[in-house]
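**Student:** The sequence and its predicted three-dimensional model are supplied below.
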Amino acid sequence: MLINRKRKHIFNSWIDNIFKVKTLDLSSNKEPGFIIIPIIVAIVFILIFCFVLLTVVVKNNGGDGTGVAKQKDESNNLPSKTQDSSNNPDKAPSSNLPDKYDENQDLGSGYLKCVELNGVNFPRTPALDRRVRQIWLETKQDIDAQGIPPLRFSWGFRTNCQQINVDSGGNTKAEPGTSPHEAGRALDVRDMTRRNDAGQIRAIFVKHGWHWAGIKDPPHFDIKGYTVGEPSHADWIRKAQADFERGGPREGCRGTTCGQ
Ligand SMILES: [Zn+2]
């Protein structure tokens, strides 16, 4: 009997527990159920909305992304191209490009340009490098503006042959192939040891970038290569001489090759 009672009690309590659990489950399922379902539906809608938004954003970003990627590729290509182009001059000796450029200039406008130099007459060639000529014209304007009587000259440009034969009159004479006159970058001004205004003339020349040779060669003024972007004195002479050999200067002042 005791055992049966105990069994009944256990059975009843077990039933009760199940019932309680069921009621608890039912109550816990029913009451939140009414709240959870709309929440779930809302969450689903939100998720769908988010998904749609994400797909739109991803598409846009994808478009931009590919655009950006293309731009990046392009921008990557551009620097690589510019690097290539910047590498090419590095690979190709930079001296070649100016030489080609200068040779083209020799064939075209030429290095030597005629300029009126009082006292420099045929068979001499009253000419200067075109850039030095421009500097001289500006110097002359300044000289004229200060009321200095016109200058007279003995030499501007010289050919190599003229440099070999030139009578320097006791002044320093450069070895043929090394004279600034052969580059068309020098002027010899007469009477610089006699003129009272020689100091004033020198000052104006120097002001315009000319180098005065000093007492060893008082008539001589020249323009240095760095003033006009000619890095090599020897190359500058070569180019000027080549221009003369091709028939320059072409404005009608051309003298002979060896005439003094
Ligand atoms: Zn000279």
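**Tutor:** Done, it's in.
**Student:** wait, doesn't D142 sit right on I204?
**Tutor:** Yes. D142 lies in contact with I204 (CB atoms under 8 Å); the separation is 5.1 Å. Where C-beta positions appear, they are placed from N, C-alpha and C, glycine not excepted.
**Student:** which of the two has more neighbours?
**Tutor:** I204 (19 against 14; other CB atoms under 10 Å).
**Student:** which SSE is the more buried one in?
**Tutor:** Using DSSP states H and E, I204 sits in helix 198-207.
**Student:** counting contacts, what elements does that helix pack onto?
**Tutor:** helix 130-145, strand 211-212 (3 or more CB pairs under 8 Å, 6 or more residues apart in numbering; DSSP states H and E).
**Student:** can you do 10 Å?
**Tutor:** helix 130-145, strand 186-189, strand 211-212, strand 220-222 (3 or more CB pairs under 10 Å, 6 or more residues apart in numbering; DSSP states H and E).
**Student:** where along this structure do the strands fall?
**Tutor:** Using DSSP state E, the strands of the chain run over residues 112-114, 127-129, 153-155, 186-189, 211-212, 220-222.
**Student:** any idea which of those strands is most buried?
**Tutor:** strand 127-129 (a mean of 29; mean count of other CB atoms under 10 Å).
**Student:** give me every residue that touches the closest residue to the ion within the chain.
**Tutor:** At 3.5 Å from the ion, H220 is the closest residue in the chain, using CB to the ion. Residues in contact with H220, defined by CB atoms under 10 Å, 6 or more residues apart in numbering, are 154-155, 168, 171-172, 174, 179-181, 186-189, 192, 210-214.
**Student:** isn't E175 right next to A234, touching?
**Tutor:** No. The criterion here is CB atoms under 10 Å, and E175 misses it with A234 at 11.8 Å.
**Student:** Return the set of residues that bridge with the residue lying closest to F205 once chain neighbours are set aside.
**Tutor:** The shortest distance from F205 to any non-neighbouring residue, by CB to CB, 6 or more residues apart in numbering, is to F221 (5.0 Å). According to DSSP bridges, the partner residues bridging F221 are L187, W212.
**Student:** how about the strands of the chain in a markdown table, adding distance to Q260?
**Tutor:** As requested, those are exported to a markdown table (distance: least, CB to CB, whole Å):
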| stretch | distance to Q260 |
| --- | --- |
| strand 112-114 | 18 |
| strand 127-129 | 16 |
| strand 153-155 | 10 |
| strand 186-189 | 13 |
| strand 211-212 | 24 |
| strand 220-222 | 17 |
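**Student:** Columns mean pLDDT and distance to P249 on top of these, output as a markdown table?
**Tutor:** Putting these into a markdown table (pLDDT from 0 to 100; distance: least, CB to CB, whole Å) gives the following:
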| stretch | mean pLDDT | distance to P249 |
| --- | --- | --- |
| strand 112-114 | 97 | 4 |
| strand 127-129 | 98 | 5 |
| strand 153-155 | 97 | 15 |
| strand 186-189 | 98 | 16 |
| strand 211-212 | 98 | 23 |
| strand 220-222 | 98 | 18 |
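**Student:** And those strands: which comes nearest V120?
**Tutor:** Between V120 and these, the shortest gap by CB to CB is with strand 153-155, which sits at 5.1 Å.
**Student:** Which strands and helices lie in contact with the closest one?
**Tutor:** By 3+ CB pairs under 10 Å, 6+ apart, strand 153-155 packs against strand 186-189.
**Student:** residues from the chain in reach of the ion?
**Tutor:** Proximity of the chain to the ion, by CB under 5 Å from the ion, involves residues A186, D188, H220.
**Student:** just those residues now: which is nearest R250?
**Tutor:** A186 (21.1 Å).
**Student:** okay, how far is it across stretch 153-167, tip to tip?
**Tutor:** When the termini of stretch 153-167 are compared using CA to CA, to the nearest Å, they are 14 Å apart.
**Student:** May I see the buried residues of it?
**Tutor:** F153, S154, W155, G156, F157, R158, T159, N160, Q162, Q163, V166 (16 or more other CB atoms under 10 Å).
**Student:** before we move on, what about stretch 115-132?
**Tutor:** Applying 16+ other CB under 10 Å to stretch 115-132 flags 115, 117, 119-120, 124-132 as buried.
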